[in-house]
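> quick one: sequence plus predicted model below, questions after.
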Amino acid sequence: MTELAKAAPLAGSYSEHPAGRLAAAGRRLAAPELSVIVPTFNERDNVPVMIERLDAALVGIAWEVIFVDDNSPDGTWQLVKELGRRDDRVRAVRRIGRRGLSGACIEGILASSAPYVAIIDGDLQHDETRLPVMLAKLKAGEADLAMGSRYVEGGSSASFNKHRQGISSAATSLAQRLLRIDVADPMSGFFMVRRDKFEEIAPKLSVQGFKILLDVLATGRGSLRVVEVPFVFRSRHAGESKLDSMVAIDFFGLLLAKLTNDLVSLRFLLFAVVGAFGFAIHLAVLYLVLHVFAPSFAQAQTIAAICAMTSNFLFNNFLTYRDQRLRGFAVLRGLALFYLVCSVGLLANVGVAFSVYGQQPVWWLAGTAGAVMGVVWNYAMSGLFVWRRR
C-alpha cells in the first residue's frame, strides 16, 4: 500500500473532522493577512488538529497555513497536500535533501504571501490562541516582532520536567548574556513578525540549527522593536520529540556565529576537529600496522590513510553534516567522492608546504600552511560534491 493510500482514511475523515467541515466555507476570497508557518517532520497525526485549532483561533482573520515538511517518512507532506485540495488556506512545502527547523522556517516565510508571518511548532505545544493578540500588536504599530514568552507574567513552562527546565534556563541565561538580548524568553521559537522586516534580515540568518527566534533577535538587534506575549507551553499532542543530543552543538554554533558576525562557521570548525581526530587515527594505525604486520612503509602509510579518511567521512556524515546526512547507497557514493577529494587535498597540502618551505625554510610554518590548505580544500570540495544540497 502506498503512503498516499495509507493517508486516504485520515484524509477522508478530515471532512468529518471539525477542521474538515471548513472545506467549503474555507475558500478565501481575499489574500491572506497572516501566514502561519509550521515546520514538520513526522507530525502527521497533529496536522488536522492544528488546522482545526487555527481556524477556531483566527476567526475574522484572513489566514493561510504553510506546513514545511522535511520529507517525513510518515507521509506528513502527503496528508497536507490532500487536505490542501479541500481547503486552499492549507499549503505544503516539501523539502528533499534538507533538514533543520531554522531552514524550514526561513523557506516557509519566504514562500508566504501575507504581510504578517508567524512561526508555530507542529507538535501543538505553542498556544495558537495567542496569535490574534500578536497580530493586533503588530497592526497597531506597537512592535515589529511579537514573541510568545513562557517567562513573563501570565506565561508558564510547567509542562517541562526538571531536567529540561534546567537546560532551558541555562541556555536562556547564556544567550541573554553573550548576545545581549533583552527579552525574557529568546528560546521560545513561537513568534510573529512583519514580513518586510523579516525580508531585510533573512540573508543574514542561519539555515542550520533549531533556534530560529534567537537568530532573528540576534541578527535584527537594534532594528526590530520586540514585544513579549505570555503563553502557557503545553505538552506534545502526538508523536515524538525531535530534540536530540546534538541540539547543544547547534545552539553553541549559533552563539559562535553571532558573536563573530558570522565570520566563524561551526561546520568548518567541526570539520577541522574531525580532521585532527582523523590524523590521530592515521598515526595510531600506521604504528600498529608497522609493528604488528611489518609491511613496507608505503603499504602501511596507504592503509593508515584509508582508515583515517574513512573515519573522517563517517564522523563528518554523523556530526558535521548531520542535517544533510547521507543514507543507504548514497553513503558508498559519498565515501568514494570523499576519498577523491581528500587525495587531491593531500596534493594541495604537500604543494603549498613545499612552496612555503622553499621561500622560508621553517618546517613548522611550511607544515602548518600545507595543513591549512588541505583542510580548506577538503572542506570546500566536500560541501560541493560529497554533501551537496540537492
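That came through, no problem.
> ok, longest helix in the chain?
helix 329-359 (DSSP state H).
> chain center to that helix, what's the gap?
With Cα atoms, centre = their mean, to the nearest Å as the basis, helix 329-359 stands 29 Å off its chain's centre.
> which parts of it are buried?
334-335, 337-338, 341-342, 345-346, 348-349, 352-353, 356-357 (16 or more other Cβ atoms under 10 Å). C-beta coordinates here come from the backbone N, C-alpha and C atoms, glycine included.
> got it, and stretch 81-100?
81-84, 86-87, 89-93, 95, 98-100.
> just the C-alphas of that stretch, formatted as PDB.
Listed next in PDB are the C-alpha coordinates belonging to stretch 81-100 (Å, rounded to 0.1, in the frame of the first residue of the first chain):
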ATOM      1  CA  LYS A  81      -1.400  18.200   0.100                       C
ATOM      2  CA  GLU A  82      -4.600  16.100   0.300                       C
ATOM      3  CA  LEU A  83      -6.100  18.500   2.800                       C
ATOM      4  CA  GLY A  84      -5.000  21.400   0.700                       C
ATOM      5  CA  ARG A  85      -7.100  20.200  -2.100                       C
ATOM      6  CA  ARG A  86     -10.100  20.700   0.100                       C
ATOM      7  CA  ASP A  87      -9.100  23.900   1.700                       C
ATOM      8  CA  ASP A  88      -6.900  26.400  -0.200                       C
ATOM      9  CA  ARG A  89      -5.800  28.000   3.000                       C
ATOM     10  CA  VAL A  90      -3.700  24.900   3.600                       C
ATOM     11  CA  ARG A  91      -0.300  24.600   1.700                       C
ATOM     12  CA  ALA A  92       2.600  22.200   1.800                       C
ATOM     13  CA  VAL A  93       6.300  22.800   1.100                       C
ATOM     14  CA  ARG A  94       8.200  19.500   0.800                       C
ATOM     15  CA  ARG A  95      11.900  19.700   1.300                       C
ATOM     16  CA  ILE A  96      14.100  16.900  -0.100                       C
ATOM     17  CA  GLY A  97      17.800  16.600   0.900                       C
ATOM     18  CA  ARG A  98      17.500  19.400   3.500                       C
ATOM     19  CA  ARG A  99      16.800  19.100   7.200                       C
ATOM     20  CA  GLY A 100      16.500  21.500  10.100                       C
END
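> average pLDDT for the helix or strand that contains residue 376?
Using DSSP states H and E, residue 376 falls within helix 363-381. With pLDDT averaged residue by residue, helix 363-381 scores 83.
> show me the helices in this protein, by range?
Going by DSSP H, the chain shows helices at 3-13, 47-57, 76-84, 101-110, 131-139, 162-179, 195-201, 212-219, 247-259, 266-292, 297-315, 329-359, 363-381.
> low-scoring stretches of this structure, by residue?
1-30, 158-165, 208-210, 236-247, 389-390 (pLDDT under 70).
> most centrally placed residue in it?
residue 100 (2.5 Å; Cα atoms, centre = their mean).
> how does this structure divide up, domain by domain?
3-259, 266-386 (automatic domain parsing).
> tell me if I'm right that residue 185 and residue 172 touch.
Yes - here residue 185 reaches residue 172: they are 6.6 Å apart, a contact under Cβ atoms under 8 Å.
> follow-up on the earlier one: and the residue nearest to the centre of the chain, how far from residue 148?
21 Å (Cβ to Cβ, to the nearest Å).
> kindly report the same for residue 379.
On the measure of Cβ to Cβ, residue 379 and residue 148 end up 38 Å apart.
> between those two, which one's more packed in?
More neighbours surround residue 148 than the other of residue 379 and residue 148, with 28 against 21 (other Cβ atoms under 10 Å).
> so who does that one touch?
126-127, 130, 134, 155, 185, 188, 190-191, 228-231 (Cβ atoms under 8 Å, 6 or more residues apart in numbering).
> excluding chain neighbours, what is closest to it?
residue 190 (3.6 Å; Cβ to Cβ, 6 or more residues apart in numbering).
> surely the one you found and residue 211 touch.
No - checked against Cβ under 8 Å, the pair residue 190 and residue 211 is beyond contact range at 11.8 Å.
> next, the contact list for the closest residue to residue 221 other than its chain neighbours, please.
Once flanking residues are discounted, residue 221 sits nearest to residue 181: 6.9 Å by Cβ to Cβ, 6+ apart. Residues in contact with residue 181 (Cβ under 8 Å, 6+ apart) are 175, 214, 217, 218, 221.
> then residue 214?
Taking Cβ under 8 Å, 6+ apart, one finds 175, 179, 181, 186, 187, 254 in contact with residue 214.
> next: residue 337.
Neighbours of residue 337 in contact, by Cβ under 8 Å, 6+ apart: 385, 386.
> measure it to residue 326 for me?
10 Å.
> what is in contact with those two at once?
In contact with both residue 337 and residue 326: residue 386, using Cβ under 8 Å, 6+ apart.
> how about residue 297: what's its closest non-neighbour residue?
residue 290 (7.2 Å).
> the one you found is in contact with residue 300, isn't it?
Yes - between residue 290 and residue 300 there is a contact under Cβ under 8 Å: 4.9 Å.
> compare those two and say which is more crowded by neighbours.
A count of neighbours by other Cβ under 10 Å puts residue 300 above the other of residue 290 and residue 300, at 20 against 17.
> dump the residue contacts of that one.
Taking Cβ under 8 Å, 6+ apart, one finds 286, 289, 290, 293 in contact with residue 300.
> is the first one in contact with residue 302, as I believe?
No - with the criterion set as Cβ under 8 Å, residue 286 and residue 302 do not qualify as a contacting pair; they are 9.9 Å apart.
> so for those two, which sits in the more crowded spot?
When residue 286 and residue 302 are compared for neighbours, residue 286 comes out ahead with 19 against 14, by other Cβ under 10 Å.
> if I look at the more buried one, how far off is residue 298?
Distance from residue 286 to residue 298, by Cβ to Cβ: 11 Å.
> equivalent analysis for residue 49, please.
From residue 49 to residue 298 the distance is 64 Å (Cβ to Cβ).
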